[in-house]
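K.L.:
I would like the atomic coordinates for the input below:
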Amino acid sequence: MTSLNIVKAINAGLRRSMENDAKVLVMGEDVGKLGGVFRVTDGLQKDFGEDRVIDTPLAESGIIGTAVGLALRGYRPVCEIQFDGFVFPGYDQIVNQVAKMHYRSGGRLRLPIVIRIPFGGSIGAVEHHSESPEAYFAHTPGLKVVTCSNPLDAYWMIQQAIELDDPVVFFEPKGRYYTKGEVDLDGAADLPLESARVAVPGTDATVVAYGPMVKTCLDAAAAAADDGRSLEVIDLRTLAPLDLRAVYDSVRRTGRLVVVHEAQRTLGIGAEVAARVTEECFYSLEAPVQRVTGYDTPYPPARVEEEYLPGLDRVLDAVDRTFAY
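P.N.:
So this is what the prediction gives:
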């Protein structure tokens, strides 16, 4: 076992994929000589060369469009979008080309592209650097959308995403980039890419999160345990397709559900989870599904971002509300 943070785990996963398949390329703004603004691709260009780790112009539409052409010629490009808010110049290419090519060609063409997007807040950044745009992509048929919350998942999920013949949008919780954990670099992935994980078992209420909010919910479960409440925390990991089997099983036992994410409340992932749980588990629910989310505003200036982001107290307040019914 090796102790790694999420940055180092993704780097190790990319390195393993590039060693195993010469068709895997990494491309993006400053990914080569600099190693990326978060150093996720540090050392890869030195070891694999400029033909496989490509510093691109500052043009997200060009990055994605070039990746489409490379994928059609048999390569497996991994595109880095430097910050979440920078993805929108490439949104047209992702939605109208990457997501639709397989369907447009009647199944004859595949685009094995991975689009890495650091997302979420808590880094004290300026506008366009702390957004959570995952619902845009989860709403787009033809894309798989996943996100890791810990180094072990980061290491294996990036490799699994690269191996797929379908396009994957891979969200990385940059506010948790330096969270450390144990990773077995020579083991095997314990879950398929499109599977949720029960992070902490519990009996009294179910708390569902993904990406950066998983750690917040784990802290909430620990705090609730001090008050005699047992919270089951589920890390979704996959947002499209949603894997809610573990959530249904849990809610049927606990009767209560709280969904947590950084993104805005209206039409977020939490709304979809709440709707599906209500459809499938209506007679098991002892209280309405509660959502703890960001607010329906643009991401605020860094000095007040902690007021915007869901925190421990807001999660515990939502748990209390479920027990008030």
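K.L.:
List the contacts of the host helix or strand of Leu152.
P.N.:
Assigned by DSSP states H and E, Leu152 belongs to helix 151-163. By C-beta atoms under 8 Å, 6 or more residues apart in numbering, the residues outside helix 151-163 that reach it are 4-6, 8-10, 12-14, 16-17, 21, 24, 76, 78, 112, 114, 116, 144, 146, 148, 168, 170, 172, 179-185, 189-190, 192-193, 197, 235, 237. C-beta: built from backbone N, CA, C; applies to glycine.
K.L.:
which strands and helices sit next to the helix or strand that contains Asp92?
P.N.:
Assessed by DSSP H and E, Asp92 sits inside helix 91-93. The helices and strands touching helix 91-93, judged by 3 or more C-beta pairs under 8 Å, 6 or more residues apart in numbering; DSSP states H and E, are helix 60-72.
K.L.:
Sort out which residues of the helix it packs on are buried, please.
P.N.:
Neighbour counts using 16 or more other C-beta atoms under 10 Å place Glu60, Ile63, Ile64, Gly65, Thr66, Ala67, Val68, Leu70, Ala71 of helix 60-72 among the buried residues.
K.L.:
what sits up against the helix holding Asp92?
P.N.:
Residues contacting helix 91-93 (C-beta under 8 Å, 6+ apart): Ser61, Ile64, Gly65, Val68, Tyr136.
K.L.:
For the second one, give me its contacts.
P.N.:
Right, Ile64. Counting by C-beta under 8 Å, 6+ apart, Ile64 makes contact with Cys79, Gly90, Gln93, Ile94, Gln97, Val98, Ile113, Ile115.
K.L.:
Hmm, the fifth one is touching Gly65, no?
P.N.:
Yes: the pair Gln97 and Gly65 qualifies as a contact (C-beta atoms under 8 Å) at a distance of 7.2 Å.
K.L.:
what about the helices in the stretch 201-325 of the chain?
P.N.:
Ranges of helices within the stretch 201-325 of the chain are 213-226, 245-254, 269-281, 305-308, 312-323, based on DSSP state H, counting those that start in this stretch.
K.L.:
buried stuff in the last one?
P.N.:
Neighbour-count burial for helix 312-323, with 16+ other C-beta under 10 Å as criterion, is recorded at Arg314, Val315, Leu316, Ala318, Val319, Thr322.
K.L.:
What is the helix or strand following the helix holding Leu152 packed up against?
P.N.:
Toward the C-terminus, helix 151-163 is succeeded by strand 168-173 as the next helix or strand (DSSP H and E). Applying 3+ C-beta pairs under 8 Å, 6+ apart, we find strand 168-173 packed against helix 6-20, strand 114-119, helix 134-138, strand 144-147, helix 151-163.
K.L.:
Could you export those as TSV, including mean pLDDT and distance to Gly202?
P.N.:
Formatted as TSV, the helices and strands packed on strand 168-173 follow (pLDDT from 0 to 100; distance: least, C-beta to C-beta, whole Å):
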stretch	mean pLDDT	distance to Gly202
helix 6-20	98	25
strand 114-119	98	27
helix 134-138	98	25
strand 144-147	98	22
helix 151-163	98	20
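K.L.:
could you dump these to JSON lines with mean neighbour count?
P.N.:
JSON lines is the format used below for the helices and strands packed on strand 168-173 (neighbours: other C-beta atoms under 10 Å):
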{"stretch": "helix 6-20", "mean neighbour count": "21"}
{"stretch": "strand 114-119", "mean neighbour count": "26"}
{"stretch": "helix 134-138", "mean neighbour count": "22"}
{"stretch": "strand 144-147", "mean neighbour count": "25"}
{"stretch": "helix 151-163", "mean neighbour count": "24"}
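K.L.:
Arg291 is nearest to which of the ones you listed?
P.N.:
With C-beta to C-beta as the measure, helix 134-138 is the member of those nearest Arg291 (13.0 Å).
K.L.:
would you put the C-alpha positions of the closest one in PDB?
P.N.:
C-alpha atoms of helix 134-138 as PDB (Å, rounded to 0.1, in the frame of the first residue of the first chain):
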ATOM      1  CA  GLU A 134     -21.800  18.300 -13.600                       C
ATOM      2  CA  ALA A 135     -25.600  18.400 -14.200                       C
ATOM      3  CA  TYR A 136     -25.100  19.900 -17.700                       C
ATOM      4  CA  PHE A 137     -23.200  16.800 -18.700                       C
ATOM      5  CA  ALA A 138     -25.200  14.200 -16.700                       C
END
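K.L.:
Now tell me what touches it from outside.
P.N.:
91, 94, 119, 143, 145, 147, 169, 171, 211, 239-240, 242, 263, 267-269, 272.
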